[in-house]
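[1] I would like to see how this sequence folds:
(2 chains)
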Amino acid sequence: MSLDPVQVMKRQDSLPKACPTASNGDSKASWDDSKDIHENVGSTKKPKPGPVRRARKVEGGIFFPKPENAVTIAVSSRVLFHTEIEQKVFEQKGIEEYLRYQVEHENEPFAPGPAFPLVKALETVNCHLRELYPESEELFDIVLVTYNHANVGIRLINTINYHNLFIERFCMTGGSSPIGYLKALHTNLYLSADTEKVQEALAEGIAAATMFMSEKQTEVSETQLRVAFDGDAVLFSDESERIFKAHGLDKFFEHERENENTLLDHGPLKGFLEVLGKIQKKFYAKGQRLHCPIRTYLVTSRSAASSGIRALKTLRAWGLETDEALFLAGAPKGPMLEKIRPHIYFDDQMFHVEGAVEMGAIAAHVPYGIAQKYPHKKSSNTGK
Amino acid sequence: MDDEKNCTGPLIIALQYNDLFDLDSMSASTNTDDALPKGRAVTFIKAVQIVNERLVEQKETESLLFEVILIAKECSEEIKMKIVESVKYYGLEIGKFFFCKKEELINTLQSNKVKLFLSTDRDDVCEALHTGIPAALLYDQCDDHVLKVIISGDSIGFTEDSLDSLSDFGFSETQIETFKAAKICMKEFAVLIGQMRRRFGRENSPLCICVLTAWGSTNVCASALKTLRGWGLDVDEAFCLAGAPCSPILAVVKPHILWDCGLHNMRDLATQS
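    This next block holds a predicted model:
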């Protein structure tokens, strides 16, 4: 019994340019076989896919990557899609009206939200990974984890199909906390619009950040996933941040100099950089370092000549690296992000996140550490 | 929507006494005057009683209520007495008791118009399904405040033909037949539980219905949700796992009733007692 081909093609504007058109010849029918470009049929929707994922047979079972083997990225519906209108209905008219509204508009797909470009970029990387390692489960697995009731599920699934996203796992918790499910799915990164849930996740040791919809959206690369991280209180702990906030800049410099050879403690997103690094190494192993479809950046207010050294030494000691390290010595981050155009930039300070979002960069707030207690005063540049 | 016309309550659920009381934990030293030790089904019955209370609060003459009957196979007279006493002791509302022989189980279920047979024994569940009796697993739940039901999205969402294709993926004939049997049996239960669910609002409901799609794609799940909605059942929570192990998710949901149909990874559920 044959199953329908899963997908004919993606929409033209989101076609990953470097993705191979031929199947990898694997008779076990990998998921991507039928992303074969049957020459631009011009359709923008997937034809009705087969009922079961044609996943590879691994160890006698049928598994889309096992959660513990894959890099699991959980996104909420509010960051994957643009749901501002519905959110207002919920806030102003309550849940019953909200659900009724959703069902009424069930066949209208949502527009993309702030995490959408990231998800598309992750799928591009998966494309390359499957080509190089057809049997491997070390892929990105994107899961939708939402507070929504299952009623909204049909609209969400319709939207996923409409945008040709490869999301096959979801948890719609109908109002219960998503945290248990995040753990059950071995989540490596959780993105949500709700700061409280993100904080809960961070408290459980799951890398998490809040994303915001921005008015302006600059274009991001379709061929290379770019992830940028702030240093303190994101990759590293907030210990130095604390000194700075409590005692000022000079004390901060002094402390960093004295402790240059002491490693910083790890921050909430260190683990995520680590898994990105593992995936990058898979490309390097196949001679793709120069054209690696993942690029990571450290964008820190520390300065290269002084306090930056400790950051670099720490990363090296952890066996981690970023492709680029940008030491801004206190200069605003916006222009740098404008050049990088990351699919996501993690920062612990709302001030920086807002600034980035204003300039059209995709930024996510990591509500961790001392910066949450001291909202930044919009004063002069503070060099670190 | 006029539910009164559709209602054909009560919703009769059958349990076996060895799920209600944990006979294995009784030792020689157990005082024979004590009530039997509680088994897994006690929390379930408590949750069911809360739903009934809330239904009656809303409407005194409500006829769509849960009714629990207890079946005991092959019992000595002594045990029969203890069962009845223990039920009273724990304040469990059991409608009827049936003491019968092992072979009579299926007949007893059929003649009493049981809308759901709950058991911790997967073989019993499968056998019942194959004879057309709606049956599900009584799972290892914790909560007695909200009655949680998980319906199999695979069973409802797959079409008959696609179910056959599952043999390509290592499911046996028998397993697939169990599936198909469950698909048919589930409908009546779903309709009734749907009506019951609608007596409550979205929030603060003592009844929570979930759909779990373990193998099917998101489209299978969407198909299941639409079908259930067509039967009048608005689902609260939905999970689509695309082959990921179920037990971690089930450990978070903690359902009382699990329509399993044997489709879940057998290795996975083997760890559940």
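[2] CA atoms for contacts and neighbours, from now on please.
    Noted.
[3] report pLDDT for the most centrally placed residue in chain A.
    A centroid search over chain A (Cα atoms, centre = their mean) returns A:Leu118, at 5.5 Å, as the residue closest to the centre. Looking at A:Leu118, its pLDDT is 95.
[4] three-state assignment of A:Met336?
    Following DSSP: H, G, I helix; E, B strand; the rest coil, the label given to A:Met336 is helix.
[5] burial count for A:Gly180?
    Residues lying near A:Gly180 (other Cα atoms under 10 Å in any protein chain shown) number 16.
[6] now A:Gly334
    A:Gly334: 19 surrounding residues under other Cα under 10 Å.
[7] where does the nearest residue to it once chain neighbours are set aside land in three-state SS?
    Spatial nearest neighbour of A:Gly334, excluding adjacent residues (Cα to Cα, 6 or more residues apart in numbering or on different chains): A:Ala356 at 5.2 Å. Three-state assignment for A:Ala356 (three-state DSSP): helix.
[8] list the contacts for A:Ala356?
    Shown in contact with A:Ala356 (Cα atoms under 8 Å, 6 or more residues apart in numbering or on different chains): A:333-334, A:337, A:362-363.
[9] need the buried ones from the residues you listed selected in ChimeraX.
    In ChimeraX, this line selects whichever of these come out buried by 16 or more other Cα atoms under 10 Å in any protein chain shown:
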select /A:333,334,337,362,363
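[10] and the two most separated of the contacts of A:Ala356?
    Within those, A:Lys333 and A:Ile362 form the most distant pair, 12.5 Å apart (Cα to Cα).
[11] residue boundaries of the helices in the stretch 101-250 of chain B?
    Under the criterion DSSP state H, counting those that start in this stretch, the stretch 101-250 of chain B contains helices at B:105-111, B:122-130, B:153-157, B:160-165, B:173-198, B:218-230, B:247-253.
[12] rank the ones you listed by pLDDT, which is bottom?
    In terms of mean pLDDT, the lowest-scoring of these is helix B:160-165 (a mean of 79).
[13] any residue of it touching chain A?
    Yes. Helix B:160-165 reaches chain A (Cα under 8 Å from any Cα of the partner chain) through B:162, B:165.
[14] buried set for that helix?
    B:162-165.
[15] how close does the residue nearest to A:Gly334 sit to chain B?
    Counting by Cα to the nearest Cα, to the nearest Å, the gap from A:Ala356 to chain B is 35 Å.
[16] of the buried residues of helix B:160-165, closest to chain A?
    B:Ser165 (5.9 Å; Cα to the nearest Cα).
[17] how about the strands of chain B, start to end?
    For chain B, the strands defined by DSSP state E occupy B:11-16, B:66-73, B:96-100, B:116-119, B:135-138, B:147-152, B:207-213, B:237-240, B:257-258.
[18] how about those in a markdown table, adding mean pLDDT?
    Formatted as a markdown table, the strands of chain B follow (pLDDT from 0 to 100):
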| stretch | mean pLDDT |
| --- | --- |
| strand B:11-16 | 92 |
| strand B:66-73 | 90 |
| strand B:96-100 | 87 |
| strand B:116-119 | 92 |
| strand B:135-138 | 91 |
| strand B:147-152 | 92 |
| strand B:207-213 | 94 |
| strand B:237-240 | 95 |
| strand B:257-258 | 92 |
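[19] so which of those strands comes closest to A:Pro342?
    Minimum separation from A:Pro342 across those (Cα to Cα) falls at strand B:237-240, 30.3 Å.
[20] close to chain A, is that closest one?
    Yes. Contact of strand B:237-240 with chain A (Cα under 8 Å from any Cα) involves B:237-240.
[21] helix, strand or coil for A:Thr296?
    A:Thr296 ends up strand, using three-state DSSP.
[22] quick check: beta-bridge partners of it?
    A:Val227 (DSSP bridges).
[23] count the neighbours of it for me.
    A:Thr296: 21 surrounding residues under other Cα under 10 Å.
[24] does it really touch A:Thr322, like I thought?
    Yes. With contact defined as Cα atoms under 8 Å, A:Thr296 counts as touching A:Thr322 (5.1 Å).
[25] helix, strand or coil for the residue nearest to A:Asp141 when sequence neighbours are not counted?
    Leaving aside its sequence neighbours, A:Asp141 sits nearest to A:Thr72 (Cα to Cα, 6+ apart; 4.7 Å). Three-state call for A:Thr72 (three-state DSSP): strand.
[26] what sits against B:Arg199?
    B:Arg199 sits next to B:Leu55 when contact means Cα under 8 Å, 6+ apart.
[27] kindly report the same for A:Asn158.
    Residues near A:Asn158 by Cα under 8 Å, 6+ apart: A:106-107, A:109.
[28] so which of those are in strands?
    Applying DSSP E to the contacts of A:Asn158, no entry is found in strands.
[29] including distance to chain B, could those go into CSV?
    Formatted as CSV, those follow (distance: Cα to the nearest Cα, whole Å):
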residue, distance to chain B
A:Glu106, 11
A:Asn107, 12
A:Pro109, 14
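[30] since that was my last question, I'll sign off now.
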